[in-house]
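> Attaching a predicted model along with its sequence, questions to come.
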Amino acid sequence: IDDTDKIIGLELGADDYITKPFNPREVVARVRSVLRRTTGGPPASSSRVLKIGDLTMDINRHMITLHGQEVELTATEFNLLKVLLENPGYAYTRSELIEQALGYEYEGSERTLDSHMRNLRRKIDPDTDKPSYIQTVYGVGYRLVEP
C-alpha cells in the first residue's frame, strides 16, 4: 500500500492505520492502546447540567439539588428524572419512560413505574397531593413541568 494512503487517513483523523494482511493479536493490542488513551471520562469542568425551576441535575456528578440542598435519589429515580428533565413538558408514556430510563431489558410491570414516580415525587415535591414538578397525564403517563 502506498504511504500516501496512510498519511491521508491519519490526516483525516484516524488514530491508526493497519494494512492487510494483519495479525489479529496486533489489532487487539492497538485497540486496547487507543482505549487506554481515551477512557477516563470528560474533564471535571465539563459538567452537563439540566435545570427547571429550583431543581438542578448535574449528570456528570450524579447529583440533584432542590433549593440549593442536595437530594438523594436511587439510580432508577435519577434516570427517570433525567429523562423527564431532558424534554420538559413532553408527556411520556409509561413504556417510553421504562425504555429510556430503565432500559430495553426491563421486564417488570409498567405499574412498578408508578411506585418509582411516587417515591421520586416525595423527594422533590413539597406537596405530593398537588405535585409541582411531575404531573400525571391521565391515560398517558407523566410529564415534567416548571412549577
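Cool, the structure landed. Residues are numbered from 1 along each chain as shown.
> got the domain boundaries for the protein?
3-38, 49-144 (automatic domain parsing).
> ranking the ones you listed by mean pLDDT, which is last?
Lowest mean pLDDT within the domains of the chain: domain 3-38, at a mean of 78.
> coming back round to it: any chance of a markdown table for the domains of the chain, columns mean neighbour count?
No exception for glycine: its C-beta is placed from N, CA and C like everyone else's. Formatted as a markdown table, the domains of the chain follow (neighbours: other CB atoms under 10 Å):
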| stretch | mean neighbour count |
| --- | --- |
| domain 3-38 | 10 |
| domain 49-144 | 15 |
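> Now residue 94: closest residue in space that isn't a chain neighbour?
residue 110 (4.4 Å; CB to CB, 6 or more residues apart in numbering).
> In contact with the one you found, which residues?
Residues near residue 110 by CB atoms under 8 Å, 6 or more residues apart in numbering: 94, 95, 98.
> Residue 20: what secondary structure?
coil (DSSP: H, G, I helix; E, B strand; the rest coil).
> What are the phi and psi values at residue 91?
phi -90, psi 100 (degrees, to the nearest 10).
> Residue 4 too?
Backbone torsions of residue 4, given as degrees, to the nearest 10, read phi -60, psi -40.
> can you map out the helices along the protein?
Counting by DSSP state H, the chain has helices at residues 3-11, 24-38, 75-86, 94-97, 111-124.
> what would the ones you listed look like in TSV with distance to residue 63?
Supplementary listing: the helices of the chain in TSV, determined by distance: least, CB to CB, whole Å:
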stretch	distance to residue 63
helix 3-11	40
helix 24-38	25
helix 75-86	9
helix 94-97	21
helix 111-124	13
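> of all those, which lies closest to residue 51?
With CB to CB, the closest approach to residue 51 among the helices of the chain belongs to helix 75-86: 7.9 Å.
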